[in-house]
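just a sequence and a predicted model for now, questions to come.
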Amino acid sequence: MKLKIKALSPKIGDSIPFPYYASAGAAAMDLHACLDQPVLLRAGQRAMIPTGIAIALPDAGYVALVFARSGLGIKKGICLSNGVGVIDSDYRGEICVGLFNSSEVDYTVQPGERIAQLAIMPVVQAQLEQVDELDDTDRGAGGFGSTGK
């Protein structure tokens, strides 16, 4: 599939790269902070960081998902404020990334820094059927921790 990407900032393609796959086997492409100056993310604080791009998915059969970068999360405690960002196929605005500093140390987001990953995935829109009963399974309604440690 082809993904159309529009630069919303003159920095994109110049001082800040377009999104790209960092390796041949990468499942997601890196998103970069499109900032004029560094942004201080204090311990426990959230901030919305622009990427300077918009995308056009071809149809409702695709979704773009924004995920945290594992290195930032594990090493620095910087994660997404909403867990996973969902970009619907009909959204054409700027992709912004909500970051949360879960550490006890302030962190500075630098212009051009890789801040998240964008994965394109297929979507199945389910046809809903309201029923009075659901099929039985061995697990049943067993929830968190019901299948062991």
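On my side now, so go ahead. This structure is a prediction, so every number in the text was calculated from the model and none was measured. Residues are numbered from 1 along each chain as shown.

how long is stretch 49-68 from one end to the other?
13 Å (Cα to Cα, to the nearest Å).

brain fart, stretch 47-64
Using Cα to Cα, one end of stretch 47-64 lies 21 Å from the other.

try stretch 31-39
Termini of stretch 31-39 sit 16 Å apart (Cα to Cα).

and it, what's buried?
Buried positions in stretch 31-39, judged by neighbour count with 16 or more other Cβ atoms under 10 Å: 31, 32, 33, 34, 35, 39. All C-beta atoms are positioned from the backbone trio N, CA, C, and that covers glycine.

who's the second one bridged to?
Under DSSP bridges, the beta-bridge partners of residue 32 are residue 114.

ok, now which ones touch it?
Residue 32 sits next to 16, 17, 19, 51, 52, 112, 113, 114, 115 when contact means Cβ atoms under 8 Å, 6 or more residues apart in numbering.

surely the third one meets residue 53?
Yes - with contact taken as Cβ atoms under 8 Å, residue 19 and residue 53 are classed as touching, separated by 6.8 Å.

name the helix or strand of the protein that has the lowest mean pLDDT.
Least confident helix or strand of the chain, by mean pLDDT, DSSP states H and E, is helix 70-71 with a mean of 90.
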